[in-house]
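Enquirer: Fold the following.
(chains A and B)
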There are 2 protein chains.
Amino acid sequence: MHSEVVEKAREAKSAARVLASCSTAEKNRALLLIADALQDKSKQILAANETDLDHLKQKPGYTSAFHDRLLLTPERIDGMAGGLREIAALEDPVGEIEGMSLRPSGLQIGTVRVPIGVVGIIYEARPNVTVDAAGLTLKSGNAVILRGSSEAIHSNRALVAIIQEQLAEAGLPKGAVALIEDTDRAAARAMMRLNEYLDLLIPRGGPSLISAVIENSTVPVIETGAGNCHIYVDAGADLENAQAIILNAKVQRPGVCNAVETLLVHREAAPGLIPSLVPALNAQGVEVRGEPASQKFHRKIMPATREDYETEFLDLILAVKIVENIEEAIEHINRYGTGHSEAILTADYLRAREFLAKVDAAAVYVNASTRFTDGNEFGLGAEMGISTQKLHARGPMGLKELTTLKYIIYGEGQIRP
Amino acid sequence: MHSEVVEKAREAKSAARVLASCSTAEKNRALLLIADALQDKSKQILAANETDLDHLKQKPGYTSAFHDRLLLTPERIDGMAGGLREIAALEDPVGEIEGMSLRPSGLQIGTVRVPIGVVGIIYEARPNVTVDAAGLTLKSGNAVILRGSSEAIHSNRALVAIIQEQLAEAGLPKGAVALIEDTDRAAARAMMRLNEYLDLLIPRGGPSLISAVIENSTVPVIETGAGNCHIYVDAGADLENAQAIILNAKVQRPGVCNAVETLLVHREAAPGLIPSLVPALNAQGVEVRGEPASQKFHRKIMPATREDYETEFLDLILAVKIVENIEEAIEHINRYGTGHSEAILTADYLRAREFLAKVDAAAVYVNASTRFTDGNEFGLGAEMGISTQKLHARGPMGLKELTTLKYIIYGEGQIRP
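Expert: The predicted structure is shown next:
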C-alpha cells in the first residue's frame, strides 16, 4: 500500500471521530479563522501559485484556459475566504433527529443525522476546490483527504498548510484536512482501494478522471459533473423567450456542466426559431451543428455527426436537431443525456407535465435556462459538485449530502419475541 | 458481453420507464395478482423446488441448514404471498414532493421522489428472496434483474414464470422482473459491469459474495448483511435484564445478521453477570469464548483468539471480553464491528448518550436486544436487506430506499444573470 496515503487516511479517520462530536460553534470558529488567515497570508499563497504557474508555462499543451483555472489573484483569495464565511453561516445538518416514533414493541426509534466520516476528493487544477472542499467537509463534521493535480501542488500545499495551522489554533485535529502530496497516479489508485479508512470518494474533473475512478474504486463513489444538457423547444413555445434562454444557456458560461449542448426543436417551432437564432448564436461566437432537417433552416448550420449529440462540448458549439414531437425529444434526451439538467420551453400544460415526469435527470426545467443548476440557486448554499448518479445524492451536493443517518433506539429492556 | 444479461437488462431498462409512470393502483393490482397466483400454482412451485432439493442431495458439502434455506412448503408459499399483500398495503413513496419553494430567481424548485430505475440483485439459495425482491422493486416502480444461485434455479424459474404471467395479466411489461438463468459466475460478473443499464446492485449473501461484488462492480453497490454485533454491559446495569437480553440476542435466531456475536462486560459488572450467564448460555447450546480476564469468572469459557472478535459466527458461539470502561467498549466496537447493530445496557444517562453518539453503526441501542433491527420492527414494512454502508441507505432498506430524487423547476422564462 501507499504509505503517505495510508498514514494520512488513518490520521483522518481518527480526526473524523473528533469532528463528529464537535459543536457547530467550534466548527464555525475554525472556518472563520481559516477565512481570515487566507486573506492575511495571501502573499504566501500567491507566491506558491506563481511557482505553479511558472512550471505550467514550461509544459507542452499549455493553454490559457488551463492557466486561468490555476491562477490565483488577491480577489480570488478573497472569494475563497468569502466562501468559507458563507459556509459558516449555513445551518449545520449534523444532529438533526428525524422520524422518532414509538413502535408497538415499546421501543422509541428514529434517525439522527451524522457525518459520513472520511471523504476523499480527487480533482484537477483549480486550487479553489481545495478550500471549498475543506470548508464543506469541515462544516459537515467530516475529515477530508484531498488529492489535487500536480500542476497545483505548490498552491495546494500553501493553502492546506494555512488550513491546518488554523485547525490547530481552533483546537481541532490537523489531520482533518489532509493533502496527498504525491501527485503520481499510484496515490490516487491507493485512495480508490482504501475501504478501511475512506467512506466516500468524489472525483471532480473531466470524463477520463471520473471514469478511471468508477472503474477502479472499491470505495463508494459519487459521480459529479458530466453535463450533456438539452433544451427542447416545443411547438407553440414563446420563441423570443426561447431564443433568450438558449443564448443564456449556451454562452453565459460555456465551459461549465450546466451549459446547454444540444438544442431539440419541434418541427413546427423550427421555421420561427432557427433563422433568427443561428445568427444570434454566431454573433456570440457559437458554431451550430445540425442534421440535414435543421440545416435547411439556415445555411450556417454545419453538419452534425452522431458523436456531436453524445458530446459535452464545454465550448462555443451547439448541436441542433429537429424532432417530430415531445416523445422523440424525451427519447433523445434519455438516450444521449448524462442525467444532469434538461429543459422544455413550452406554453402547453400537459406537455410540461409529461416532460417533468418522463425525463430522467437530476434537474428537469420548464421554461428556464439550465444554467440555474447550482447549490446556491437551489437554496443549498455552497456545493461539493453536482451528482449525476442516482444513489445517495442527485443534483447539487450541499452539506446535507455529506452526511448520513444512524438509527437510534431507546428501550427499557425489550427482547424480541 | 454476456448476451442473456445484456438482453434482459436492456428489456428491464425499457420496462423501468413504463413502471416509473404506473399508478400505485396498477402496481398494487399486479402485486395482488401475483400473490394469488403463487398460492393457486403452489403445486408447480413445489415440484420445481423438489427438483432443486434432489440435486442438492447429490452435492458434496450438503448441510441440513442449506437444505432448510432452499426448502419451500405450502406454508412458506403462503408466507411469500402474504408478504406481497403486505407490500401492496404499504404507502407508495413515488411521486412525493419535498421542499418545493420559491427562490429569489423566481423559480419554483423542489424534489420529487422517483424510482431508481433498474436494480440488480445477486443472492444465494433462499427462493423467498426472489419474491420479496420482485415485490419491493415493483411497488417502488423499479425493474429488477434477479440472479439467484444454481441450487435454486428450478424454484426461481417457476416463481419468475408466475410473476411474469401476472405482470402481463396486469398490463405491465414482463421484462420488469427478469431472472438470469445462467448461474455461472460470468453472468454475475457481467451484471457488475453493466453501468449502461443497471442503476444499483445489491448483493445479498455471505461475506465472500459481498466482497466479490464490491471488488468487481463498477455499478453502484449497496452492501448488506454483515453483522458482527456487540452488546456492552455497563457498570451498574440491571444484570437480570442484561442476561435476558443477551440470551435473546444470541439464541432467538443465531443465524441472522442482527444476532449478537461479542459481549463486552464492564469489569465491575462481570462478577455479577458472567457466573450465571455462562451456564444459561450453555444450557441453550451456546459456546462461550473469552480472553483470560473473563475466563476467570467461569471455567466453561473457552479461550478466545483475536479472530473470534472479528468473526460473525452466525452460530451458537459468543465471544466475551472484559473492558475497563465505556471508552474501551466503544473503541472495540468501532474497530471490530461491521456497522450493523450495537447495544449498551446501562442505568446511566450520560453513558447512554455517549454510546449513542460515539458508536458508528446503522442502529445503536440503549437497553434492548439487537435483534430488533428489521424493516418491520423499525416501521418500514418489508425490507430489501440491511445496509451496513453509509451511502444512500443505512440500516433496513424499505421502499423509500429503492427510490431517488429528481429536482423539478418551474420557471417563466428565467435566464441566469
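Enquirer: Format the CA atom coordinates belonging to stretch A:319-329 as CSV.
Expert: Extracted C-alpha coordinates of stretch A:319-329, given in CSV (Å, rounded to 0.1, in the frame of the first residue of the first chain):
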residue,chain,number,x,y,z
ALA,A,319,-25.8,20.7,-31.7
VAL,A,320,-29.3,21.1,-33.1
LYS,A,321,-31.9,18.5,-34.1
ILE,A,322,-35.4,18.8,-35.4
VAL,A,323,-37.9,16.4,-33.7
GLU,A,324,-41.3,15.3,-34.7
ASN,A,325,-42.9,15.5,-31.2
ILE,A,326,-42.2,15.6,-27.5
GLU,A,327,-41.8,11.8,-27.3
GLU,A,328,-38.9,12.0,-29.7
ALA,A,329,-37.3,14.8,-27.7
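Enquirer: Okay, buried residues for it please.
Expert: Residues of stretch A:319-329 classed as buried: A:319-323, A:326, A:328-329 (neighbour count, 16 or more other C-beta atoms under 10 Å in any protein chain shown). For the C-beta atoms, the positions are set from N, CA and C on the backbone; glycine is no exception.
Enquirer: Which element, helix or strand, includes the nearest residue to A:E223 once chain neighbours are set aside?
Expert: Spatial nearest neighbour of A:E223, excluding adjacent residues (C-beta to C-beta, 6 or more residues apart in numbering or on different chains): A:Q389 at 4.6 Å. In the assignment (DSSP states H and E), A:Q389 maps to no helix and no strand.
Enquirer: And A:L356, by the same measure?
Expert: Assigned by DSSP H and E, A:L356 belongs to helix A:349-358.
Enquirer: which SS class is A:A242?
Expert: Following DSSP: H, G, I helix; E, B strand; the rest coil, A:A242 is assigned to helix.
Enquirer: Look up how far A:V265 lies from it.
Expert: Using C-beta to C-beta, to the nearest Å, A:A242 is found at 9 Å from A:V265.
Enquirer: sorry, back to before: alpha carbons of the next helix-or-strand element following the helix holding A:L356, as PDB, please.
Expert: Where DSSP H and E defines the elements, the next helix or strand beyond helix A:349-358 is strand A:363-368. C-alpha atoms of strand A:363-368 as PDB (Å, rounded to 0.1, in the frame of the first residue of the first chain):
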ATOM      1  CA  ALA A 363     -32.800  18.600 -12.700                       C
ATOM      2  CA  VAL A 364     -35.700  19.000 -15.100                       C
ATOM      3  CA  TYR A 365     -36.800  22.500 -16.000                       C
ATOM      4  CA  VAL A 366     -39.900  24.100 -17.500                       C
ATOM      5  CA  ASN A 367     -39.300  27.500 -19.200                       C
ATOM      6  CA  ALA A 368     -35.900  28.400 -17.700                       C
END
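Enquirer: for the helix or strand encompassing A:E342, packing partners?
Expert: Assigned by DSSP H and E, A:E342 falls within strand A:341-345. Judged by 3 or more C-beta pairs under 8 Å, 6 or more residues apart in numbering or on different chains; DSSP states H and E, the packing partners of strand A:341-345 are strand A:229-233, helix A:239-251, helix A:326-336, helix A:349-358, strand A:363-368.
Enquirer: Which positions within the fourth one qualify as buried?
Expert: Taking 16+ other C-beta under 10 Å as the neighbour-count basis, helix A:349-358 is seen to contain the buried residues A:351-352, A:354-358.
Enquirer: Around the residue nearest to A:L31 when sequence neighbours are not counted, how many other residues sit close by?
Expert: Nearest non-adjacent residue to A:L31, counting by C-beta to C-beta, 6+ apart: A:A88, 4.2 Å away. As a burial measure, A:A88 scores 20 neighbours (other C-beta atoms under 10 Å in any protein chain shown).
Enquirer: re earlier: minimum distance to A:G381: which of the helices and strands packed on strand A:341-345 has it?
Expert: Nearest to A:G381 among those is strand A:363-368; the distance by C-beta to C-beta comes to 16.8 Å.
Enquirer: Could you pull out the buried residues of the closest one?
Expert: For strand A:363-368, burial by neighbour count (16+ other C-beta under 10 Å) applies to A:363-368.
Enquirer: Give the next helix or strand downstream of that strand.
Expert: By DSSP H and E, the next helix or strand past strand A:363-368 is strand A:386-387.
Enquirer: Give the rounded mean pLDDT of that next one.
Expert: Mean pLDDT, strand A:386-387: 94.
Enquirer: Show me what it packs onto, helices and strands only.
Expert: Under the contact criterion of 3+ C-beta pairs under 8 Å, 6+ apart, strand A:386-387 touches strand A:395-396.
Enquirer: Name every strand pairing with the strand it packs on and say which way it goes.
Expert: Sheet partners assigned to strand A:395-396 using DSSP bridges are listed as strand A:386-387 (antiparallel).
Enquirer: what sits up against the strand it pairs with?
Expert: The contact list for strand A:386-387 (C-beta atoms under 8 Å, 6 or more residues apart in numbering or on different chains) reads A:222-225, A:227, A:257-258, A:340, A:362, A:373-374, A:393-397, A:401.
Enquirer: Let me have the helices and strands packed on strand A:341-345 in JSON lines, extended by distance to chain B.
Expert: Formatted as JSON lines, those follow (distance: least, C-beta to the nearest C-beta, whole Å):
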{"stretch": "strand A:229-233", "distance to chain B": "12"}
{"stretch": "helix A:239-251", "distance to chain B": "4"}
{"stretch": "helix A:326-336", "distance to chain B": "8"}
{"stretch": "helix A:349-358", "distance to chain B": "5"}
{"stretch": "strand A:363-368", "distance to chain B": "3"}
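Enquirer: any chance of the ones you listed in TSV, plus distance to A:D182?
Expert: Formatted as TSV, the helices and strands packed on strand A:341-345 follow (distance: least, C-beta to C-beta, whole Å):
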stretch	distance to A:D182
strand A:229-233	36
helix A:239-251	40
helix A:326-336	38
helix A:349-358	46
strand A:363-368	37
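Enquirer: In CSV: the ones you listed, plus mean pLDDT and distance to A:L32.
Expert: Listed next are those as CSV, based on pLDDT from 0 to 100; distance: least, C-beta to C-beta, whole Å:
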stretch, mean pLDDT, distance to A:L32
strand A:229-233, 98, 36
helix A:239-251, 97, 35
helix A:326-336, 97, 44
helix A:349-358, 97, 41
strand A:363-368, 98, 32
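Enquirer: rewinding a little: my understanding was that the residue nearest to A:E223 contacts A:G225; is that so?
Expert: No - with contact defined as C-beta atoms under 8 Å, A:Q389 and A:G225 do not form a contacting pair (10.8 Å).
Enquirer: need the contact list for the closest residue to A:N282 other than its chain neighbours.
Expert: Once flanking residues are discounted, A:N282 sits nearest to A:K300: 5.9 Å by C-beta to C-beta, 6+ apart. Counting by C-beta under 8 Å, 6+ apart, A:K300 touches A:278-279, A:282, A:288.
Enquirer: Try it again at 7 Å.
Expert: By C-beta atoms under 7 Å, 6 or more residues apart in numbering or on different chains, the residues touching A:K300 are A:278, A:282, A:288.
Enquirer: what about the second one, neighbour count?
Expert: Right, the one you point to is A:N282. Using other C-beta under 10 Å, A:N282 has 15 neighbouring residues.
Enquirer: Good, wrapping up.
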